[in-house]
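Novice: curious how this folds, go ahead:
(one chain, ligands or ions: 2)
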Amino acid sequence: MAEAIMEIDVDAPPSRPNKGKSPSASVVNGVKSGPWVEKYRPQSLADVAAHRDIVDTIDRLTNENKLPHLLLYGPPGTGKTSTILALARKLYGGQYQNMILELNASDDRGIDVVRQQIQDFAGARSLSFGVKFSVKLVLLDEADAMTKDAQFALRRVIEKHTKSTRFALICNHVNKIIPALQSRCTRFRFAPLDAAHIKERLQYVVAAEGLDVDESGFAALVRLSNGDMRKALNILQSTQMAYQRVTEEAVYLCTGNPMPKDIEQIAYWLLNEPFTASFRYISDIKMRKGLALVDIIREVTMFVFKIHMSSDIRIKLINDLADIEYRLSFGCNDKLQLGALISTFTNARCALVAAAN
Ligand SMILES: Nc1ncnc2c1ncn2[C@@H]1O[C@H](COP(=O)(O)OP(=O)(O)OP(=O)(O)O)[C@@H](O)[C@H]1O
Ligand SMILES: [Mg+2]
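Specialist: Ligands and ions are numbered 1, 2, ... in the order given. Alright, predicted model coming up:
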C-alpha cells in the first residue's frame, strides 16, 4: 500500500450543507430513548456536519486504498470520534468488532498497553472475511492522555505494523502529542462548528423528534453551544424536557446562563448607578434568577467589547475582570468579588470622566 504520510493541516471549512437522511422514525441509530448525542451520532461519513473537506479527503484516501495514519484534533464535540467510527463502519461493515481496537481515556494507556495489547492486536493475523479493506485499525481516542513513555513506544509500533494496521489518534490538545508521532500521521484539525451547521443539525433533530422550537430558541442554542455540537444537543434535550416550547428564555433558564437582556441591565447599573445601589440590584437579580457571578463576569466582559471607550481604559477594565474571574475559580467569596466587579467599573467610569475633561 502506498504510504501517504503527509502533513495536511486542514481547518474545518464553511462548506456545503450536511445532507443527513430525512428524519422520520423515533428509533434512530438503533436507539429509541437516552441521550440524543448518541441517538443522533453520525453513522456514515455523509452524516457528519461541516468539516466537508476533511471528511471528503478521508473518504477519497479510503476509496483509493491509501488511508494513512490519522491524527484528528480539535475542541470537544466537533465530530472527531464520530468521523473515525463512521469510517470504521464504512471500511469493515459487520466485521467492525474484529478489525478495530478502540482505546479511550477510560482504558489504561501506559507503556504496558502499547507493548502488549496494541502490539498483540497489530501483530495478529486479521480475520477479515468478506471485508474490502483488510488492514486493521487501532483507534486511540483521547490520545493526549497517553503517557509520554507510551507515546515513545508507539512510534516504533506504528512503523513496524504499517503494512497490516492503521492508527487513528484523536485528541483535544495536539501539543500533548510528541512531534515524532505527529510526523507519522496525517493531521486534520476539527474546528468548532459554525453557527449555520449547528443550526442545520439541530433542525434535523427537532424535525425527527417533532419538537416546538422557535427562532430565538435556535439562536440561543447556537450561541450557548460555542461550536460544540454535543453541548447544543444536550442543552436542547434538557430544555425540551423542562419546557414544552423551546424559546430563548427556556434555554437560558434551563442552563442557568444569564439572559442577554439581564446582562444589558447589569452593565447599565455598573456604568450608571452608585456603588451601593449597584451592589443591591446585582445581588438581587443574582438571587432571583439564580445566576452565578462567574457567568455574569464572562458575559459582561463580552459586553465591554461592544461599548465605546478609549482602548487604555478598556484594556485595564478587561484585565481587572480577568483577575476577578481567576480569583473566583479558586472559590473566593462571591460577595467580595461582586464588590471588586463594581469597584472596577467605578474606576473605569472615573477614568472615562477624567478623559472627557
Ligand atoms: N460534525 C458533527 N456532525 C454531526 N453531529 C456531531 C458532529 N460533531 C459532534 N456531533 C454530535 O456530538 C456528539 C459528540 O461528537 P464526537 O464524540 O464525535 O465529538 P469529539 O470531537 O470526539 O469530542 P471529544 O473531543 O470531546 O471526544 C455526537 O454523538 C454527535 O451527536
Ligand atoms: Mg471524542
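
Novice: state the next helix or strand along the chain beyond the helix or strand hosting residue 71.
Specialist: Remark: residue 71 resides in strand 70-73, with elements defined by DSSP states H and E. Next helix or strand after strand 70-73 toward the C-terminus (DSSP H and E): helix 80-92.

Novice: for the helix or strand just after that next one, name the packing helices and strands.
Specialist: Of the helices and strands lying after helix 80-92 in sequence (DSSP H and E), the nearest is helix 96-99. With contacts taken as 3 or more Cβ pairs under 8 Å, 6 or more residues apart in numbering; DSSP states H and E, helix 96-99 sits against helix 80-92. The way it works is simple: take the backbone N, C-alpha and C, and place the C-beta from them, glycine included.

Novice: quick check, the helix it packs on touching ligand 1?
Specialist: Yes - counting by Cβ under 6 Å from any ligand atom, ligand 1 is contacted by helix 80-92 at 80, 81, 82.

Novice: can you give me how far stretch 108-120 is from the chain middle?
Specialist: On the basis of Cα atoms, centre = their mean, to the nearest Å, stretch 108-120 sits 28 Å off its chain's mean C-alpha point.

Novice: what comes up buried for that stretch?
Specialist: Counting neighbours by 16 or more other Cβ atoms under 10 Å, one finds that the buried residues in stretch 108-120 are 109, 111, 113, 114, 117, 118, 119.

Novice: for stretch 279-286, same thing?
Specialist: In terms of neighbour count (16+ other Cβ under 10 Å), stretch 279-286 has its buried residues at 279, 281, 282, 285, 286.

Novice: now, which of these lie within helices?
Specialist: Using DSSP state H, the members of these that fall in helices are 279, 281, 282, 285, 286.

Novice: mind telling me what element the nearest residue to the second one once chain neighbours are set aside is part of?
Specialist: For residue 281, the nearest residue in space outside its immediate sequence neighbours is residue 269; the separation is 5.0 Å by Cβ to Cβ, 6 or more residues apart in numbering. With elements taken from DSSP H and E, the one containing residue 269 is helix 260-272.

Novice: C-alpha coordinates for that helix, CSV please?
Specialist: Below are the C-alpha coordinates for helix 260-272, written out as CSV (Å, rounded to 0.1, in the frame of the first residue of the first chain):
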residue,chain,number,x,y,z
PRO,A,260,-28.6,38.9,27.2
LYS,A,261,-31.2,41.4,28.5
ASP,A,262,-30.2,40.7,32.1
ILE,A,263,-26.6,41.3,31.1
GLU,A,264,-27.5,44.6,29.4
GLN,A,265,-29.3,45.6,32.6
ILE,A,266,-26.4,44.7,34.8
ALA,A,267,-24.0,46.5,32.6
TYR,A,268,-26.3,49.6,32.7
TRP,A,269,-26.2,49.5,36.6
LEU,A,270,-22.4,49.0,36.6
LEU,A,271,-21.9,52.0,34.3
ASN,A,272,-24.5,54.4,35.8
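
Novice: give the rounded mean pLDDT of that helix.
Specialist: In this model, helix 260-272 has an average pLDDT of 95.

Novice: touching it from outside, list them.
Specialist: With Cβ atoms under 8 Å, 6 or more residues apart in numbering as the test, helix 260-272 has contacts from 258, 277-278, 281-282, 285, 289, 291, 296, 299-300, 303-304, 307, 341-342, 345, 349.

Novice: show the buried residues in these.
Specialist: The neighbour count (16+ other Cβ under 10 Å) marks 258, 278, 281-282, 285, 291, 296, 299-300, 303-304, 341-342, 345, 349 as buried among those.

Novice: could you give the angle of the longest helix seen in the chain to helix 260-272?
Specialist: Counting by DSSP H, the longest helix found in the chain is helix 334-356. Interaxial angle, helix 334-356 versus helix 260-272 (axes from the mean of the first three to the mean of the last three Cα atoms, to 10 degrees): 60 degrees.

Novice: list the buried residues of helix 334-356.
Specialist: 337, 338, 340, 341, 342, 344, 345, 346, 348, 349, 351.

Novice: quick one: contacts of that helix?
Specialist: Under Cβ under 8 Å, 6+ apart, the answer for helix 334-356 is 270-271, 275, 278-279, 282-283, 286, 293, 296-297, 300, 309-310, 313, 316-317, 320-321, 324, 327-328.

Novice: off-centre distance for that helix?
Specialist: Relative to its parent chain, helix 334-356 has a centroid offset of 34 Å by Cα atoms, centre = their mean.

Novice: then stretch 80-97?
Specialist: On the basis of Cα atoms, centre = their mean, stretch 80-97 sits 21 Å off its chain's mean C-alpha point.
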